[in-house]
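S.K.: give me the fold of what follows.
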Amino acid sequence: MPGIWETQMNFSLRSRSLFKTIAVVLALALPTALAISSADARVGGGSSSGSRGSRTYSAPPSTSTAPGSASQFNRTYTQPGAGMNSAAPARGGLFGRAGGFMGGLAAGFLGAGLLGMLFGGGLFGGLGGLSSILGLIIQIVLVVFVVRLAMSWWQRRHSPQAAYANADAGAGPGPQANQRSALGGGLGGGLGGFGFGANANNAPLEIKPDDYEAFERLLGDIQAAWSNEDVAKLHTLATPEMVSYFEQDLGQNRARNVVNKVTNVKLLQGDLAEAWREGETEYATVALRFALTDKTLDRNSGTVVAGSEQPGEVTEVWTFARRPGSGWELSAIQQTN
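M.R.: Next up, the predicted model:
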């Protein structure tokens, strides 16, 4: 009999020990779960949403503000392969691959020479008939170049917000950089259709102090519009894609009868990850570390159901986009790993 009592006592002790362990784990996990729920309540839902143009599926470079990697997008309109950068892009320039102007011209010369050899005129016998065609092509190239250069100069002269794209990624601002940009734009744009010049897509872009001020202002304005559930205001601050995600998240809050309030937003640290131009659209990806008070309230009673009055810190990677004649707007939010 003592053996049976000892067995039952040992089982009882083990059970109590197991229950204590489970209680400790739950006690530690519950605040973490609440913290995660609170963090996910802010604008963007704590997920990665939006688009970064052709770089949507390319991770932005790490920075001192966000030394880790940015998470991939959970929600995006951009499909893989649609306008994405290829791993080995075709080489531009005068003798670019895949049939640039000089490549086609050289092929014409070679064909003419081979025909001359076949019909007894020698290797260069077939080139005489091409002289008039060659002269016409040269005239067309010169006319297109002059017209495009004039149009580029006219647009820069009358543009209220000039974009200064450097020819080199590390080139700084200044008259030399601006002159190089103007020359590159006129030459590359005028002769791009004939295989001359480098690809204008993904050209580096200079971000100025006014741009950084705009990014900081958007950080606060978007959080305020989100807290007020002002969709009309959000349309003036973010792309239609981002506003559609905001509307989805706000609809989920209304279905749960709660409202998320983000206040006391203050930028603590921020730096540029990358900036580039795609066609007429300019992009800037910025790492932001900011303080905020994030709390979710019951719509009827106003009691706090998630978050707290205590301020916290968040580090995210935001991408802004700008088109001609308009200001910067939020294009994507990515969480950091």
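S.K.: CA atoms for contacts and neighbours, from now on please.
M.R.: OK.
S.K.: quick check: which helices or strands does the helix or strand hosting residue 289 pack against?
M.R.: Assessed by DSSP states H and E, residue 289 sits inside strand 281-298. Judged by 3 or more Cα pairs under 8 Å, 6 or more residues apart in numbering; DSSP states H and E, the packing partners of strand 281-298 are helix 2-39, strand 258-278, strand 304-307, strand 312-322.
S.K.: where in the protein is pLDDT low?
M.R.: Across the chain, the ranges flagged by pLDDT under 70 are 1-41, 82-132, 151-202.
S.K.: who's in contact with the residue nearest to residue 66 when sequence neighbours are not counted?
M.R.: Using Cα to Cα, 6 or more residues apart in numbering and skipping the chain neighbours, the partner closest in space to residue 66 is residue 287 (6.0 Å). Residues near residue 287 by Cα atoms under 8 Å, 6 or more residues apart in numbering: 63, 65-66, 270-273, 315-318.
S.K.: Throw those into JSON lines and include neighbour count and distance to residue 138, thanks.
M.R.: Below are those laid out as JSON lines (neighbours: other Cα atoms under 10 Å; distance: Cα to Cα, whole Å):
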{"residue": "63", "neighbour count": "18", "distance to residue 138": "48"}
{"residue": "65", "neighbour count": "19", "distance to residue 138": "52"}
{"residue": "66", "neighbour count": "23", "distance to residue 138": "52"}
{"residue": "270", "neighbour count": "21", "distance to residue 138": "50"}
{"residue": "271", "neighbour count": "17", "distance to residue 138": "47"}
{"residue": "272", "neighbour count": "21", "distance to residue 138": "44"}
{"residue": "273", "neighbour count": "19", "distance to residue 138": "43"}
{"residue": "315", "neighbour count": "19", "distance to residue 138": "55"}
{"residue": "316", "neighbour count": "23", "distance to residue 138": "52"}
{"residue": "317", "neighbour count": "27", "distance to residue 138": "48"}
{"residue": "318", "neighbour count": "24", "distance to residue 138": "47"}
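S.K.: before we move on, the earlier item: quick one: the residue nearest to residue 66 from residue 57, how far?
M.R.: 17 Å (Cα to Cα, to the nearest Å).
S.K.: okay, buried residues for stretch 289-307 please.
M.R.: In terms of neighbour count (16 or more other Cα atoms under 10 Å), stretch 289-307 has its buried residues at 289-298, 304, 306-307.
S.K.: ugh, wrong one, stretch 229-243
M.R.: Within stretch 229-243, the residues scored as buried using 16+ other Cα under 10 Å are 229, 231, 233-235, 237-243.
S.K.: looking at those, which is nearest residue 134?
M.R.: Ranked by distance to residue 134 (Cα to Cα), those are led by residue 239 at 48.2 Å.
S.K.: skipping its backbone neighbours, what lies nearest the closest one in space?
M.R.: residue 331 (5.6 Å).
S.K.: got it, and residue 280?
M.R.: Nearest non-adjacent residue to residue 280, counting by Cα to Cα, 6+ apart: residue 323, 6.1 Å away.
S.K.: test my guess that that neighbour contacts residue 281.
M.R.: Yes - look at residue 323 against residue 281 with Cα atoms under 8 Å: they come within range, at 4.8 Å.
S.K.: isn't residue 70 right up against residue 60?
M.R.: Yes - Residue 70 lies in contact with residue 60 (Cα under 8 Å); the separation is 6.9 Å.
S.K.: for residue 308, give me its contacts.
M.R.: Applying Cα under 8 Å, 6+ apart to residue 308 gives the contacts 293-295.
S.K.: what does residue 293 give?
M.R.: 261-265, 308-312.
S.K.: tell me which two in these are the farthest apart.
M.R.: In the contacts of residue 293, the most distant members under the criterion Cα to Cα are 265 and 308, with 14.4 Å between them.
S.K.: what's the neighbour count on the residue nearest to residue 239?
M.R.: Residues lying near residue 331 (other Cα atoms under 10 Å) number 25.
S.K.: same question for the one 4 residues further on.
M.R.: Other residues within reach of residue 335, judged by other Cα under 10 Å, total 21.
S.K.: which secondary structure elements does the helix or strand it falls within sit against?
M.R.: For residue 335, the host element (DSSP H and E) is strand 329-335. Counting by 3+ Cα pairs under 8 Å, 6+ apart, the packing neighbours recorded for strand 329-335 are strand 49-50, helix 240-255, strand 312-322.
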